[in-house]
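Visitor: Pasting a predicted model and its sequence here:
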Amino acid sequence: MEGGRLPGGGGRVARPPFRPSGETQRVPEPLTPIDVVGEYFARMRAQDVGVVDLFHEDAELIGLGTRKRGRPAILEFYREVIERAGPAPRQIGSLLAEGGRVAAEILIEFPGGASIHALDMFDVEAGRIRSLTYFIASE
């Protein structure tokens with residue numbers, strides 16, 4: 001290979017970027033609490049039970065008089081809800097954040113046209129959800 005070209009006149013060969021000695025590779029920064037909550041809603045709209053991966057191993061999910069503790073219990077909850085109801089949450093307005101606390105007003109839409117107005121309160125720590133408390137508005 002001469003001059004960075006493939007034999008036979010093909011395209012250029014990709015070369016790794018030059019790094020002066022002593023330069024370190026950038027480590028991606030951890031997700032902000034708003035990034036984590038945004039990813040939570042993206043996974044929920046995609047009906048992805050992998051949403052549970054966003055939770056700490058010992059996280060809590062609190063709402064409607066119940067408390068689920070630990071990722072296995074939270075996974076069971078989301079599997080059932082996604083399979084049974086197919087919710088598609090949609091944010092109403094902006095996420096509100098202070099430190100690791102994030103509030104989201106949402107409309108949860110279901111197949112067939114039904115919807116629920118809700119408020120989700122997230123406590124995000126070290127790039128994962130420590131707790132999620134949800135409140136359902138009665139109409």
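Guide: Perfect, thanks for sending it.
Visitor: can you pull out the helices in this structure?
Guide: 33-45, 71-85 (DSSP state H).
Visitor: Okay, now the unreliable bits of the chain?
Guide: The model of the chain has pLDDT under 70 over residues 1-28, 138-139.
Visitor: Give me the distance between Val51 and Arg101.
Guide: Distance of Val51 to Arg101, given as CB to CB, to the nearest Å: 19 Å. Where C-beta positions appear, they are placed from N, C-alpha and C, glycine not excepted.
Visitor: okay, the two: which has more neighbours?
Guide: Val51 (20 against 13; other CB atoms under 10 Å).
Visitor: hmm, back to that, right, so of the helices of the chain, which gets closest to Arg130?
Guide: Among these, helix 33-45 comes nearest to Arg130, with 10.2 Å by CB to CB.
Visitor: So what sits opposite Arg101 in the bridge?
Guide: Glu98, Asp123 (DSSP bridges).
Visitor: nearest spatial neighbour of Gly63, skipping sequence neighbours?
Guide: Using CB to CB, 6 or more residues apart in numbering and skipping residues adjacent in sequence, the residue nearest Gly63 is Tyr134, 3.9 Å away.
Visitor: actually Arg79, sorry about that
Guide: Sequence neighbours aside, Val49 is the residue nearest to Arg79 in space, at 5.3 Å (criterion: CB to CB, 6+ apart).
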